[in-house]
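Novice: how would this look folded up:
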Amino acid sequence: MMNEYDAAIIGSGFGGAVTAYKLAMKNYRVCILERGPQWTGEYFPGSAEKNVYENVQEIISASRLIKMGNSLGVREELRRLIPRSPMEELYEPPLWEYRWLKKMDVLTANGVGGGSLIYANVLCRAHKEAFQDWPQGMDWASELERHYDEVEGEIGTNIAIGHDKSRALESASKNSGKGQWKSVNLAIQKLHDRVNGGLDCAICHPNRKEEELKAARAKACEKEKEEGLCMSCGRCVLGCKRLNKRTLDLNYIRRAVREKGAHLYPNHEVTGIKPLDNGYLILCDEQERAFKAKTVVIAAGTLGSTRLLLRCKNDGTLPNLSDKTLGTKFSGNGDFQGFAYDCNIPVNSSIGPTITSGIDFNPKTIMVEEGGIPDVLAPLAQAFIPTFGVLAQLMSLEFTDFINLIMGQKGLEFKEEDVTKKSIMFLCMGRDGAYGKIRLSGDDIDVDWDEEACKKLEAFIEGLETELQGLSAGIGGTYFPNPLWRNPMWDKGKLVTVHPLGGCPMGLNEKEGVVKPNGEVFGHDNLYVADGSIIPAALGVNPSLTIAALANRIAENIPTKT
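Specialist: Residues are numbered from 1 along each chain as shown. The predicted model follows:
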């Protein structure tokens, strides 16, 4: 069955959702092809009504670990300890995909709305310094300004104030003399007055009895449920059951479909694109459908778009793709995670949106934000954070101190109280150099890093750790990094990013990039890429807003249908 459209949008994240709506506004007959399902709030994993064991069951069921194209049997292995969740059939395909790649693992979302389903809602504008490696000849900061404005207006933003973890990060900045603390814009519904008016502080007050805290929290949550306001449950990254996140399926995509007649096709993974005399043929896996469109916008995310174009190049269907630049300038946006354990001020990591504030290290182009722990996973943090805190102490010991420890002459501090009250997670971003190159590995992808690139990347992370150690000391905490990066069992190892960028970078010509500054692919008219894959360097802030603004600009420059 052939479906014909003026424009086909492949993907529904920040690039796809924006371009779909903008082109539909220009009277294009638009289809949106999304490989994942359409999620509804009640099916997001984890619930306050369930115990931690049941919640972990659901989260495992909603995840897939992939190593170079092979789905690893993680769910099967974990099921030996944790039996099948009754809801597992709802999570195929899964909500999360964790790709195990060389040097850097990548966590992405799968579904209508793309990364907005599980991101932490932060909408930050990039500093002008972040654009220095973009195509020359344009003031990108000024060029994107009105597109930033338009996207913020379409999605809507609020700020979250009055949370202990915000105050803890602010104290860390002031006491250490590092960076400038600020609240960040969030794509969430308005928080209840219990937060903005200071009642949240009363709920979290350390002198209140546990029963009073639970009662106050329950009462506030019930009121929020009635009013449709943010519940401050910290589960933004698990998917918002109350739909209080302003995810793209609730704004851009909904408007494109309901108001402008765009057609949405969930569970349609595009596997190939072939040029026709007047447009392109789009092939979908395991579907008895083919799509024809005069204009195609690839917005399947950094990994998805790059993989699709690499396949098309390999199959010979898009022969003019640049051999030199396709797959290059891959970056994790400088993502790095660290923790401060046993701080000397209240943190209460499980109360509030996942992120509420950040420390701006500009002009270094580094951003450090506090990360919340979902309330449904707080019991797990109780077990893991002290364990990693002890590991951090072990790793910091000199050899003689280690000998004294195992001989019983030296002790380790191990706290037993609720660690989420005194522990903070640091979520870092910075300009990491974009040294990776994505390549095909069988039918899937992996990332190559040469030795010199690895050295530069490690030096960059060491600089980040120096800043985090200072912030931790500023609030009396014990610092330890993501255990995948520094672990007693292996040398410096894996980074984890939720902000992959590059692979189809912009450039002024085919020697510099895969696409032009307007997003059009070199050598293939009316074929565009509009997502994080075209960003040629790390931004050093959460990239969602910049991706959306760039997509807005690309769609605006596509001619209006006549």
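
Novice: which residue ranges form the helices in the stretch 251-400 of the chain?
Specialist: Remark: helices assigned in the stretch 251-400 of the chain by DSSP state H, counting those that start in this stretch are 252-258, 301-315, 378-396, 399-406.

Novice: check the offset of the shortest one from the chain's centre.
Specialist: It refers to helix 252-258. 23 Å (Cα atoms, centre = their mean, to the nearest Å).

Novice: so which bits of that helix are buried?
Specialist: Buried residues in helix 252-258, counting neighbours by 16 or more other Cβ atoms under 10 Å, are found at 252-257. C-beta here means a position set from N, CA and C on the backbone, and glycine is covered the same way.

Novice: which among the residues you listed gets closest to N542?
Specialist: Distance to N542 across the buried residues of helix 252-258 (Cβ to Cβ) is lowest for Y252, with 17.7 Å.

Novice: quick check: closest non-adjacent residue to that closest one.
Specialist: Excluding the flanking residues, the one nearest Y252 by Cβ to Cβ, 6 or more residues apart in numbering is A17, at 3.9 Å.

Novice: likewise G502?
Specialist: Per Cβ to Cβ, 6+ apart, closest to G502 is K329, 4.0 Å.

Novice: do you know how far that neighbour is from D164?
Specialist: 39 Å (Cβ to Cβ, to the nearest Å).

Novice: so the two - more neighbours on which side?
Specialist: K329 (28 against 23; other Cβ atoms under 10 Å).

Novice: could you pull up the residues touching that one?
Specialist: With contact set as Cβ atoms under 8 Å, 6 or more residues apart in numbering, K329 has these partners: 434, 436, 501-503, 505, 536-537.

Novice: which of those residues lies closest to E369?
Specialist: Using Cβ to Cβ, the contacts of K329 come closest to E369 at L501, 17.5 Å.

Novice: go ahead and confirm the closest one touches P543.
Specialist: Yes: between L501 and P543 there is a contact at 6.2 Å, judged by Cβ atoms under 8 Å.

Novice: which residues do these two both contact?
Specialist: 333, 532, 535.

Novice: can I get those residues in a markdown table with neighbour count?
Specialist: Below are the shared contacts of L501 and P543 laid out as a markdown table (neighbours: other Cβ atoms under 10 Å):
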| residue | neighbour count |
| --- | --- |
| N333 | 28 |
| G532 | 31 |
| I535 | 30 |
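
Novice: show me these that map onto strands.
Specialist: Nothing among the shared contacts of L501 and P543 maps onto strands, per DSSP state E.

Novice: now distance to I273 and pLDDT too, for those residues, in TSV please.
Specialist: Below are the shared contacts of L501 and P543 laid out as TSV (distance: Cβ to Cβ, whole Å; pLDDT from 0 to 100):
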residue	distance to I273	pLDDT
N333	27	97
G532	19	98
I535	21	99
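
Novice: mind showing which ranges of the stretch 351-500 of the chain have poor pLDDT?
Specialist: Across the stretch 351-500 of the chain, the ranges flagged by pLDDT under 70 are 379-418, 486-492.

Novice: could you do the chain as well?
Specialist: In the chain, residues with pLDDT under 70: 1, 68-88, 191-228, 286-288, 379-418, 486-492.

Novice: grab the most central residue of it for me.
Specialist: Nearest to the mean C-alpha position of the chain, counting by Cα atoms, centre = their mean, stands V498 at 3.8 Å.

Novice: that residue against D335, yeah?
Specialist: Yes: taking contacts as Cβ under 8 Å, V498 lies within contact range of D335: 6.3 Å.

Novice: quick one on the thing from earlier: now do whichever strand or helix holds the residue nearest to Y252 against helix 301-315, angle only.
Specialist: Using DSSP states H and E, the element containing A17 is helix 14-25. Counting by axes from the mean of the first three to the mean of the last three Cα atoms, to 10 degrees, helix 14-25 points 80 degrees away from the direction of helix 301-315.

Novice: and helix 14-25, how far out from the chain middle?
Specialist: 20 Å.

Novice: show me what that helix is packed against.
Specialist: When contacts are defined as 3 or more Cβ pairs under 8 Å, 6 or more residues apart in numbering; DSSP states H and E, helix 14-25 packs onto strand 2-10, strand 30-33, helix 252-258, strand 290-298, helix 544-557.

Novice: check which helices and strands the second one sits against.
Specialist: Okay, so that is strand 30-33. strand 2-10, helix 14-25, helix 252-258, strand 263-265, strand 290-298.

Novice: out of the helices and strands packed on helix 14-25, which is closest to G430?
Specialist: helix 544-557 (14.9 Å).

Novice: buried set for the closest one?
Specialist: Applying a neighbour-count criterion of 16+ other Cβ under 10 Å, the buried positions in helix 544-557 are 544-556.

Novice: for that helix, C-alpha coordinates in CSV please.
Specialist: The C-alpha trace of helix 544-557 is given here as CSV (Å, rounded to 0.1, in the frame of the first residue of the first chain):
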residue,chain,number,x,y,z
SER,A,544,16.8,20.1,23.7
LEU,A,545,15.9,23.8,23.2
THR,A,546,18.7,24.3,20.7
ILE,A,547,17.7,21.2,18.7
ALA,A,548,14.1,22.5,18.6
ALA,A,549,15.1,26.0,17.7
LEU,A,550,17.4,24.8,14.9
ALA,A,551,14.6,22.6,13.6
ASN,A,552,12.2,25.6,13.7
ARG,A,553,14.7,27.5,11.5
ILE,A,554,15.1,24.6,9.1
ALA,A,555,11.3,24.2,8.7
GLU,A,556,10.9,28.0,8.3
ASN,A,557,13.3,28.0,5.4
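
Novice: mind giving me the packing neighbours of that helix?
Specialist: Checked by 3+ Cβ pairs under 8 Å, 6+ apart, helix 544-557 has helix 14-25, helix 145-155 packed alongside it.

Novice: right, and these - which one's nearest V106?
Specialist: V106 sits nearest to helix 14-25 of all the helices and strands packed on helix 544-557, at 16.1 Å, using Cβ to Cβ.

Novice: contacting residues for N121?
Specialist: Residues counted as contacts of N121 (Cβ under 8 Å, 6+ apart) are 186-188, 236, 245-246, 353-355.

Novice: list just the nearest of those to A378.
Specialist: T354 (13.2 Å).

Novice: surely that closest one meets L377?
Specialist: No: with contact defined as Cβ under 8 Å, T354 does not count as touching L377 (11.6 Å).

Novice: more neighbours: which of the two?
Specialist: Neighbours per residue (other Cβ under 10 Å) separate T354 from L377, with T354 holding more: 29 against 21.
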